[in-house]
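Peer 1: Sequence and predicted structure below; questions after.
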Amino acid sequence: MGEETARATDGTVAGSRIDQATVEALVAAATSSRQHAYSPYSNHLVGSAVLDGEGRIHSGCNVETVTLQQSMHAERTAVAAMVAAGGRRIQAVTVVGPYSGVPCAECRQVIWEFSGGDPDVVVISAPLGEEPELLTMGQIYPRPYGPETKGIDPRDY
């Protein structure tokens, strides 16, 4: 990664481990994946991409079912793609869609599972037509309950 760090909308550094080129690559991967979303019931197309601990990008999109409760959000399909490729640690996650771009509570829990208990994991909120906003898991999920509370490291499994 380059030396220039990505900056949040208020000019502060969100984490210190992600550069602008990586932000752009994650947003591009999530935007591309969004094109494949299956959302005939809500028409809410969302794409996501995660940067794993090895520097690989994995993307996903939302997949709805008629019952909606069994639908899969884009963030969770991106995390599943990471796990299927052998990844067990998330450095950053991006969400591209028509609304806020901040993961829902269920998705935050899944992201936290693979964050290694690190509140500085970068969350890139990229609503359509807006500049990406860089946040951290600690900002959007300040009191998490994760595998570290049980002494588990997902990299061991």
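Peer 2: Received it, and whenever you're ready, just let me know what you need.

Peer 1: Find the residue at the geometric middle of the protein.
Peer 2: The chain has residue 93 as the residue nearest its centroid, 2.5 Å off, counting by C-alpha atoms, centre = their mean.

Peer 1: where along this structure do the helices fall?
Peer 2: 20-34, 74-84, 105-113, 137-140 (DSSP state H).

Peer 1: Need the winner for burial among these.
Peer 2: helix 74-84 (a mean of 22; mean count of other C-beta atoms under 10 Å). For every residue, glycine as well, the C-beta is placed using N, CA and C.

Peer 1: Let's see that helix as CSV, backbone CA atoms only.
Peer 2: Output of helix 74-84 as CSV, limited to C-alpha atoms (Å, rounded to 0.1, in the frame of the first residue of the first chain):
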residue,chain,number,x,y,z
ALA,A,74,-23.9,-7.7,0.6
GLU,A,75,-21.4,-7.4,3.5
ARG,A,76,-22.1,-11.0,4.6
THR,A,77,-21.7,-12.4,1.1
ALA,A,78,-18.4,-10.5,0.8
VAL,A,79,-17.2,-12.0,4.1
ALA,A,80,-18.4,-15.4,3.0
ALA,A,81,-16.3,-15.0,-0.2
MET,A,82,-13.3,-14.1,2.0
VAL,A,83,-13.8,-17.1,4.2
ALA,A,84,-14.3,-19.4,1.2
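
Peer 1: who's in contact with residue 132?
Peer 2: Contacts of residue 132 were listed using C-beta atoms under 8 Å, 6 or more residues apart in numbering, and they are 23, 27, 94, 101, 124-126.

Peer 1: quick one on the thing from earlier: can you redo the helices of the chain as JSON lines with mean pLDDT and distance to residue 152?
Peer 2: Below are these laid out as JSON lines (pLDDT from 0 to 100; distance: least, C-beta to C-beta, whole Å):
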{"stretch": "helix 20-34", "mean pLDDT": "97", "distance to residue 152": "27"}
{"stretch": "helix 74-84", "mean pLDDT": "98", "distance to residue 152": "15"}
{"stretch": "helix 105-113", "mean pLDDT": "96", "distance to residue 152": "9"}
{"stretch": "helix 137-140", "mean pLDDT": "95", "distance to residue 152": "18"}
